[in-house]
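K.L.:
Build the 3D model from these lines:
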Amino acid sequence: MYRVVNTLRAITNATILCPVRGRIEKGTVLFDKGKIVGVGKSIPIPSKAKTIDVEGQYVLPGFIDAHCHQGLFDGSIGPMGQDGNEMTTPITPEMRGMDGFNPFEKSLKEVIRGGVTTINTGPGSGNVIGGECFVIKPVAGNVVDEMVVLSPSGLKIALGENPKRVHGSENKRMPQTRMGVAALIRKTLTDAQNYLEAWKVYGTKSKHAKKKGDPPPKTPERSLGMETVVKVLKREIPFHAHSHRADDIATIIRIAEEFNLRLVIIHCTEGHKIAKYLAKKKVPAVIGPTMLWVSKPETRERGFKTAVILNDAGVKVALQTDSLTPMNYFPLLPMYAIKHGMSREDALKCVTINPAEILNLQDRVGSLEPGKDADIVVWTGHPFEFYSEVSEVYINGKKIPIEE
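P.N.:
Numbering: from 1, shown residues only. So this is what the prediction gives:
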């Protein structure tokens, strides 16, 4: 006989901070079977619920890092841990980030200490088209398939210095210029249009042949890479476009409009130079990494001012580590945005509901609302105060150990 496990929990006496519901003093979050079932100041608590009194502490939705490479680059073992860039050719849409992900990579444990419960990870920026990104909940399983929330979440592409260096300067092949990068993206999209049309024609001819009793037409050859790019053409997934310079950002927006694509700008380092343009185009931006040295010419203007200016202009902004900032320090990102002029309320949105919406996961994560996943973080104080620490973490309603 199986024992019935009671999963009903109530976190009580909390100061709740939610980007959608606002601030709730002495509030309660009720969750069961991995989902939030109630949030409020005076909601009834069933007698069978296990009560967790967190008086004096803060309760928030888990933070979301909308762009990183966690699990695909393990710097502790050198080249053997580099599994995020298949840089043998500039166009590799058939690569799936999931296939290079190591669930036991040590930095994944840092994620929890930073209050982060959802990350979008995937290939790096060595190629013009690098492969599929995907969203996971860290330490939610021992196999990546158990951790995945959404796959693919986007197709990673890269403009600017990285693909020029890897393929042009180091390997003497296209692209050697920004023109070459854009041309390869357009060519790949055109190839995918032709691929899609060939399968449509095949489907039409097959129906006619069946009606007439004729032999079926020759089946087009499958292409895994083209199948992924077709998802972009059909707007099923967006381009996640690595773009630092303002002109690169404008280029990929131009291409996205030519082909009617969904687009997310990753890094957007010079986005502040064209903030009104980005707002007009309604393109979201995932800003960062910001807490690092100037690693190349196109990152010379990196700074938290970019997120503030874009947010003020009306651009949907998220903050990211790129895996270059250890994720246990993730709360420093909104804290520095606040120091540069962003309100606490907007800074909270930049690490919760905004990245959830950018990843098209707002029905599951990003806020504390009934029906959403019970990804809940308890903080000893306000999370944007320097000395506050994570005291408890729940992912899908399950309490996760916080390891040092």
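
K.L.:
What's the local residue count around residue 36?
P.N.:
Neighbour count of residue 36, defined by other C-beta atoms under 10 Å: 21. Glycine gets a C-beta too; all of them are placed from N, C-alpha and C.

K.L.:
In contact with residue 51, which residues are there?
P.N.:
Contact analysis of residue 51 by C-beta atoms under 8 Å, 6 or more residues apart in numbering lists 9, 10, 12, 45.

K.L.:
from the residues you listed, which is closest to residue 80?
P.N.:
Looking at the contacts of residue 51 and their distance to residue 80, the nearest is residue 9, at 41.3 Å (C-beta to C-beta).

K.L.:
need the contact list for that closest one.
P.N.:
Shown in contact with residue 9 (C-beta under 8 Å, 6+ apart): 30, 31, 32, 49, 50, 51, 52, 374, 394, 397.

K.L.:
what's the domain layout of this protein?
P.N.:
With domains defined by automatic domain parsing, the chain comprises 1-61+366-404, 63-193+219-365.

K.L.:
quick one: which of the ones you listed is nearest residue 201?
P.N.:
Of all the domains of the chain, it is domain 63-193+219-365 that lies closest to residue 201, at 8.5 Å by C-beta to C-beta.

K.L.:
Apart from its chain neighbours, what residue comes closest to residue 260?
P.N.:
Counting by C-beta to C-beta, 6 or more residues apart in numbering, residue 235 is the residue found nearest to residue 260 once chain neighbours are left out, at 7.2 Å.

K.L.:
Count the neighbours of that neighbour for me.
P.N.:
For residue 235, the count of nearby residues is 11 (other C-beta under 10 Å).

K.L.:
One more: residue 250?
P.N.:
Neighbourhood size, residue 250 [other C-beta under 10 Å]: 16.

K.L.:
Residue 364 now?
P.N.:
Neighbours of residue 364 under the rule other C-beta under 10 Å: 17.

K.L.:
And for residue 402?
P.N.:
13.

K.L.:
Show me the contact partners of stretch 176-186.
P.N.:
Contact partners of stretch 176-186, identified using C-beta under 8 Å, 6+ apart, comprise 90-91, 128-129, 157-160, 163-164, 167-169, 174-175, 247-248, 251-252, 255, 258.

K.L.:
For ChimeraX, what selects the buried ones among those?
P.N.:
Those of those that count as buried under 16 or more other C-beta atoms under 10 Å are selected in ChimeraX with:
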select :90,91,128,129,157,158,159,160,163,164,167,168,174,175,248,251,252,255
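
K.L.:
Just the ones of the contacts of stretch 176-186 in strands?
P.N.:
Residues of these located in strands (DSSP state E): 129, 157, 158.

K.L.:
From the residues you listed, pick the one nearest residue 365.
P.N.:
Out of the ones in strands among the contacts of stretch 176-186, the member with the shortest distance to residue 365 (by C-beta to C-beta) is residue 157, at 24.8 Å.

K.L.:
Beta-bridge partners for the closest one, please?
P.N.:
Residues in a beta bridge with residue 157, per DSSP bridges, are residue 129, residue 241.

K.L.:
any idea how far residue 188 is from it?
P.N.:
To residue 188, residue 157 is 9 Å away according to C-beta to C-beta, to the nearest Å.

K.L.:
and for these two, which residues touch both?
P.N.:
With C-beta under 8 Å, 6+ apart, residue 157 and residue 188 have common neighbours 128, 129.

K.L.:
which stretches of the stretch 151-300 of the chain form helices?
P.N.:
Using DSSP state H, counting those that start in this stretch, the helices of the stretch 151-300 of the chain run over residues 161-163, 178-212, 224-233, 246-259, 275-281.

K.L.:
just the angle between the third one and helix 246-259, please?
P.N.:
So that's helix 224-233. Interaxial angle, helix 224-233 versus helix 246-259 (axes from the mean of the first three to the mean of the last three C-alpha atoms, to 10 degrees): 90 degrees.

K.L.:
how about helix 224-233 as CSV, C-alpha atoms only?
P.N.:
Only the C-alpha atoms of helix 224-233 are listed here, as CSV (Å, rounded to 0.1, in the frame of the first residue of the first chain):
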residue,chain,number,x,y,z
LEU,A,224,17.9,18.8,-39.1
GLY,A,225,19.3,22.3,-39.3
MET,A,226,16.7,23.5,-41.7
GLU,A,227,13.9,22.1,-39.5
THR,A,228,15.2,24.3,-36.7
VAL,A,229,15.4,27.4,-38.8
VAL,A,230,11.8,26.7,-40.1
LYS,A,231,10.7,27.0,-36.5
VAL,A,232,12.1,30.5,-36.6
LEU,A,233,10.4,31.3,-39.9
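
K.L.:
tell me which strands and helices that helix is in contact with?
P.N.:
Counting contacts by 3 or more C-beta pairs under 8 Å, 6 or more residues apart in numbering; DSSP states H and E, helix 224-233 is packed against strand 129-136, strand 148-158, helix 178-212.

K.L.:
What residues sit buried inside it?
P.N.:
225, 226, 228, 229, 230, 231, 232, 233.

K.L.:
Quick check, pLDDT for the first one.
P.N.:
Among the per-residue scores, residue 225 holds a pLDDT of 98.

K.L.:
give the contact list for it.
P.N.:
Residue 225 is in contact with 91, 92, 93, 94, counting by C-beta under 8 Å, 6+ apart.

K.L.:
what residues does the lowest-mean-pLDDT helix or strand in the chain touch?
P.N.:
Least confident helix or strand, the chain: helix 108-113 with a mean of 92, by mean pLDDT, DSSP states H and E. Outside helix 108-113, the residues within contact range by C-beta under 8 Å, 6+ apart are 65, 70-71, 117, 119, 138-139, 326-328, 330, 390, 393, 400, 402-404.
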